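J.: Quick one, fold the following:
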Amino acid sequence: METIATLAIGLFLLLAGMEVDLSTVWKQGKTGFKVGLASIAVPFFIVLTAALIIFKYA
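T.: Numbering: from 1, shown residues only. The predicted structure is shown next:
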């Protein structure tokens, strides 16, 4: 059952990728990169700050 689920997810991602309009992706590339970077960096630094505070007072 797990194999069928993995195959279904792979086919779904393939289908979604084939429907992407690449000209739109290239037009919004800088904005998308900034959003993607911020969605990784902001939570990282929040958790890093919290961890440093917790370990300093623990």
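J.: hey, let's count contacts and neighbours off CA atoms from now on
T.: OK.
J.: Scan the helices and strands of this structure for the one with the lowest mean pLDDT.
T.: Ranking every helix and strand in the chain by mean pLDDT, DSSP states H and E puts helix 22-27 at the bottom, with a mean of 84.
J.: mind checking which helix or strand the most centrally placed residue in the chain is in?
T.: Centre of the chain computed as the mean C-alpha position; nearest residue by C-alpha atoms, centre = their mean is residue 36, 6.5 Å away. Using DSSP states H and E, residue 36 falls within helix 29-57.
J.: Let me see the mean pLDDT of that helix.
T.: The average pLDDT within helix 29-57 is 94.
J.: what comes into contact with stretch 13-24?
T.: Applying C-alpha atoms under 8 Å, 6 or more residues apart in numbering, stretch 13-24 turns out to have no external contacts.
J.: Pull the distance from it to the chain's centre.
T.: Once both centres are worked out by C-alpha atoms, centre = their mean, to the nearest Å, stretch 13-24 turns out to sit 16 Å from its chain's centre.
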